[in-house]
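The following comprises the amino acid sequence and a computationally predicted model.
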Amino acid sequence: MRLDRHRALLSQLHIDPSLIGGLLMICAIGLVTLYSASGETLDTVLRQGARMALGFTLMIGIAQVSPQRLARWAPGFYVLGVILLVVTEIIGTGRGANRWLELGPLRFQPSEIMKLATPLTVAWFLSDKILPPRFSLIAVTLLLVAVPGALIMKQPDLGTAILVMSAGLLVLFFGGIPWRWIIFSALGAALMAPLGWISMHEYQRQRIRTLLDPSIDPLGTGYHIIQATIAVGSGGWSGKGWLNGTQSHLEFLPERATDFIFAVYCEEFGLIGVMVLLAAYLLVLVRGLSIALNAQDHFGRMMAASITFTFFIYIFVNMGMVTGQLPVVGVPLPLVSYGGTSLVTLLTGMGILMSIQTHRRFIVES
């Protein structure tokens, strides 16, 4: 009887039990790891916990909004995000890059907003069109994706730009874009690679060189990858134990609370701990895909699939760069790395997933 009451309460709040269970598990792992990575600083954990509380509050709030209303809000959300990116270019702050806006006590990254605004707008644009989309619709979609992508790359912030453009292009993919266009685009990207290399900043080119051979600059650009791989490998099967990681506590590992927190986790909890974390991530991913498959309209299906696969890209890119398989592009490990704007954005996206699922259920039951 009590279980039925709990389920009824979750249903009234538009909360998906499986999804929120996986998210809470990942966040708990994140706080435990952050305490160690931050040098056992409780204040850092409390700040992150407050951001998580804000993120879950926004997630539940967004879940109350129907997907149809979210679709109507999408264009305004997109325009606001682009305006904020332009303002950031003019008056933004950051370490060597204009990425942050400071409005009194509030400090945030407008680029994070576009991780949701871009796929929302693309899904809204395609949702009432005949799918698969024609060339003219594909061209407009690419423009919608390219505008925020170009503004974010100009900051420069290649990692976030990749995530924003990927989120938008994933909507187009799940809209049923013909495979011939995908193959044509892949060939075009390959042919444009030399131009892309020339247009890169020198530090971005150096990251790729370092990926191929970290030893070319072991005390400079290769230092992050070398120390991270040492930490990952030294964890072994069961890890060195919580708070016993030498790479982090002896401060060999840079950015250990943010981009490279996965290395701290591997060193202290080993392969067993990694399997537990991956299981929690897999629970969220599988549930997200299930929501996408069961969505009742084009907008819900494309949006749910985009959010889910973007979440996967976060995981894949962060773990890839920490283990030396991908260039270091500054992508956090979702819900584990220290940070506010990215965490809140991810949880808000999960609120959209819950909205798509729970409103679908209510429509069926009614």
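Alright, I've got the coordinates.

Helices of the stretch 251-366 of the chain, residue ranges please.
Residue ranges of the helices in the stretch 251-366 of the chain, as given by DSSP state H, counting those that start in this stretch, are 261-294, 298-322, 341-365.

Identify whichever of those helices lies nearest to residue 12.
helix 341-365 (9.5 Å; CB to CB). In short, each C-beta sits where N, CA and C put it, glycine included.

pLDDT on that closest one, on average?
The predicted model assigns helix 341-365 a mean pLDDT of 82.

Who are the packing partners of it?
Contacts defined by 3 or more CB pairs under 8 Å, 6 or more residues apart in numbering; DSSP states H and E place helix 341-365 against helix 17-37, helix 42-63, helix 67-91, helix 110-127, helix 261-294, helix 298-322.

Just say which of the helices of the stretch 251-366 of the chain is most tucked in.
helix 298-322 (a mean of 23; mean count of other CB atoms under 10 Å).

so that helix versus helix 341-365, what angle?
Put simply, helix 298-322 runs at 150 degrees to helix 341-365, going by axes from the mean of the first three to the mean of the last three CA atoms, to 10 degrees.

will you turn the helices and strands packed on helix 341-365 into a markdown table that also has mean pLDDT and distance to residue 329?
As requested, the helices and strands packed on helix 341-365 are exported to a markdown table (pLDDT from 0 to 100; distance: least, CB to CB, whole Å):
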| stretch | mean pLDDT | distance to residue 329 |
| --- | --- | --- |
| helix 17-37 | 95 | 20 |
| helix 42-63 | 94 | 22 |
| helix 67-91 | 92 | 19 |
| helix 110-127 | 92 | 13 |
| helix 261-294 | 95 | 14 |
| helix 298-322 | 93 | 6 |
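
Hmm, residue 169 is touching residue 145, no?
Yes - between residue 169 and residue 145 there is a contact at 6.0 Å, judged by CB atoms under 8 Å.

among the helices of the stretch 251-366 of the chain, which is nearest residue 225?
Within those, the stretch nearest residue 225 is helix 298-322; the backing value is 7.9 Å (CB to CB).

I'd like to know which elements the closest one is packed against.
In this structure, helix 298-322 makes packing contacts with helix 67-91, helix 110-127, helix 158-174, helix 223-234, helix 261-294, helix 341-365, judged by 3+ CB pairs under 8 Å, 6+ apart.

who's in contact with the third one?
Spelled out, that is helix 158-174. Contacts of helix 158-174 with the rest of the structure, by CB atoms under 8 Å, 6 or more residues apart in numbering, involve 109, 111-112, 114-116, 118-119, 121-123, 126, 133, 138, 141-142, 144-146, 148-149, 152-153, 182, 204, 292, 301-303, 305-307, 309-310, 313-314, 317, 329-331.

wait, what's in contact with residue 133?
Residues near residue 133 by CB under 8 Å, 6+ apart: 126, 141, 172, 175-177.

how does it look with 6 Å?
Contact analysis of residue 133 by CB atoms under 6 Å, 6 or more residues apart in numbering lists residue 175.

Hmm, residue 155 and residue 98 touching each other?
Yes - Residue 98 is in contact with residue 155 according to CB atoms under 6 Å; the separation is 5.4 Å.

of those two, who's got more company?
Higher neighbour count among residue 98 and residue 155: residue 155, with 22 against 18, using other CB atoms under 10 Å.

where are the low-confidence patches of the stretch 101-250 of the chain?
104, 193, 196-197, 199-201, 203-204, 207, 210-221 (pLDDT under 70).

ok, 80 please
Applying pLDDT under 80 to the stretch 101-250 of the chain flags residues 102-107, 156, 178-224, 248-250.

The nearest residue to residue 288 once chain neighbours are set aside and residue 240, how far apart?
Nearest non-adjacent residue to residue 288, counting by CB to CB, 6 or more residues apart in numbering: residue 308, 3.2 Å away. Residue 308 sits 33 Å away from residue 240, going by CB to CB, to the nearest Å.

How about residue 322?
From residue 322 to residue 240 the distance is 17 Å (CB to CB).

same check, this time on residue 179
Applying CB to CB to residue 179 and residue 240 gives a distance of 47 Å.

now residue 83
Residue 83 is 48 Å from residue 240, where distance means CB to CB.

And residue 32, by the same measure?
Applying CB to CB, the value for residue 32 to residue 240 is 15 Å.

same question, residue 149
Distance, residue 149 to residue 240, using CB to CB: 41 Å.

neighbour count winner among those two?
Remark: of residue 149 and residue 240, residue 149 carries more neighbours, 23 against 19, as counted by other CB under 10 Å.

who touches the more buried one in this structure?
Contacts of residue 149 (CB under 6 Å, 6+ apart): 161, 164-165.

Export the helices and strands packed on helix 298-322 as CSV, with columns for distance to residue 250.
Below are the helices and strands packed on helix 298-322 laid out as CSV (distance: least, CB to CB, whole Å):
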stretch, distance to residue 250
helix 67-91, 37
helix 110-127, 32
helix 158-174, 27
helix 223-234, 10
helix 261-294, 11
helix 341-365, 27
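
Looking at those, spot the one closest to residue 13.
helix 341-365 (8.6 Å).

residues in contact with the closest one?
With CB under 6 Å, 6+ apart as the contact definition, helix 341-365 has outside contacts at 14, 16, 51, 54-55, 58-59, 62-63, 65-67, 108-109, 112, 115-116, 288, 291, 295-296, 300, 304, 307, 332, 334.

Separate out the buried members of those residues.
Among the contacts of helix 341-365, those scoring as buried are 14, 16, 51, 55, 58-59, 62-63, 66-67, 108-109, 112, 115-116, 288, 291, 295, 300, 304, 307, 332, 334 (criterion: 16 or more other CB atoms under 10 Å).
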